[in-house]
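K.L.:
Need a 3D model of the following:
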Amino acid sequence: YTWHHQAADYCQAACELLPGRAVFGGEASGAMVALHAAVARGGSDPPAGLILMRPPLFWGARAPWQIRYRMVADVIEKDGMSSKDVESEAKRRLWAANFAEADKDDLLKLWSGMDASVYASALRGLADSELPSDEELRALKVPVLILAMGGDDEHPVEAAEDFAELLSHAKLVVANTAEEARETWPGLIESAFLE
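P.N.:
Numbers count the residues shown, from 1 in each chain. As a prediction, the model looks like this:
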């Protein structure tokens, strides 16, 4: 279930739940699903805008992460969710988003209750996902708000900067800390698309 396949469901949900021109958006891999959906709808019925929060590395820079996702999926299928290696990898991914300390235990409990085959399949879909072509990205003519934050190797500021170069109508805003992001991003989104 790659970003491209998820985007088809995203577009269908947007059409059914948000008639008219909706703003598409997501965080991390969700941002890439929203980007695929915007490209798919770009020519005939583009979204009103696009919000990419903490976009991940892309093109060749993703290769080490893709290998890692596949390796973790293999371990999950062999040893299940209770494997210490799998838990360590999950913590790294969950903690990278800079969630509040109080939320981390709850997140880990939710994650540990996930079905192993579902999580392994999700990781394989993530590993097999790629972006639309540079040409498709450059052809996207909708306003794009890119929100980035330092301190995350999988979703670095440099990736957000690269997206800002590729997407012709992009505005990039970088938060220095998670607290700054929590305080400023809602207002940025509102002023960009909801006023």
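
K.L.:
how much space between residue 41 and residue 24?
P.N.:
When distances are taken as C-beta to C-beta, to the nearest Å, residue 41 and residue 24 turn out to be 8 Å apart. For glycine as for every other residue, the C-beta is placed from the backbone atoms N, C-alpha and C.

K.L.:
Find residues that contact each of the two.
P.N.:
Listed contacts common to residue 41 and residue 24 are residue 47; contacts here mean C-beta atoms under 8 Å, 6 or more residues apart in numbering.

K.L.:
Which one's more surrounded, these two?
P.N.:
Taking residue 41 and residue 24 together and counting by other C-beta atoms under 10 Å, residue 24 has the greater number of neighbours (27 against 21).

K.L.:
Skipping adjacent residues, who's closest to residue 175 in space?
P.N.:
Spatial nearest neighbour of residue 175, chain neighbours left out: residue 181 (3.8 Å); criterion: C-beta to C-beta, 6 or more residues apart in numbering.

K.L.:
mind checking which helix or strand the one you found is in?
P.N.:
Residue 181 belongs to helix 178-189 when elements are defined using DSSP states H and E.

K.L.:
picking that back up, what count of nearby residues applies to the residue nearest to residue 175?
P.N.:
Taking other C-beta under 10 Å as the criterion, the count of residues near residue 181 is 20.

K.L.:
pretty sure it contacts residue 150?
P.N.:
No. Under the criterion of C-beta atoms under 8 Å, residue 181 lies out of contact with residue 150, with a separation of 10.1 Å.

K.L.:
average pLDDT across the helix holding residue 181?
P.N.:
Within the predicted structure, the mean pLDDT of helix 178-189 is 91.

K.L.:
Use 36 as the first number from now on
P.N.:
Taking 36 as the first residue, the last one we looked at is helix 213-224.

K.L.:
which parts of that helix are buried?
P.N.:
213, 216, 220, 223-224 (16 or more other C-beta atoms under 10 Å).

K.L.:
okay, among those, which ones form the most distant pair?
P.N.:
Across the buried residues of helix 213-224, the longest distance by C-beta to C-beta is 16.3 Å; it joins 213 and 224.

K.L.:
Can you name the element that comes right after the longest helix along the chain?
P.N.:
In the chain, ranked by residue count with DSSP state H as the criterion, the top helix is helix 98-114. Towards the C-terminus, the helix or strand next in line after helix 98-114, according to DSSP H and E, is helix 119-131.

K.L.:
packing partners for that next one?
P.N.:
Under the contact definition 3 or more C-beta pairs under 8 Å, 6 or more residues apart in numbering; DSSP states H and E, helix 119-131 sits against helix 98-114, helix 136-147.

K.L.:
Swap in 6 Å and give it another go.
P.N.:
The contact analysis (3 or more C-beta pairs under 6 Å, 6 or more residues apart in numbering; DSSP states H and E) places helix 119-131 against helix 98-114.

K.L.:
Buried ones in the helix it packs on, by neighbour count?
P.N.:
Using 16+ other C-beta under 10 Å as the test for burial, helix 98-114 gives 101, 103-105, 107-108, 110-111.
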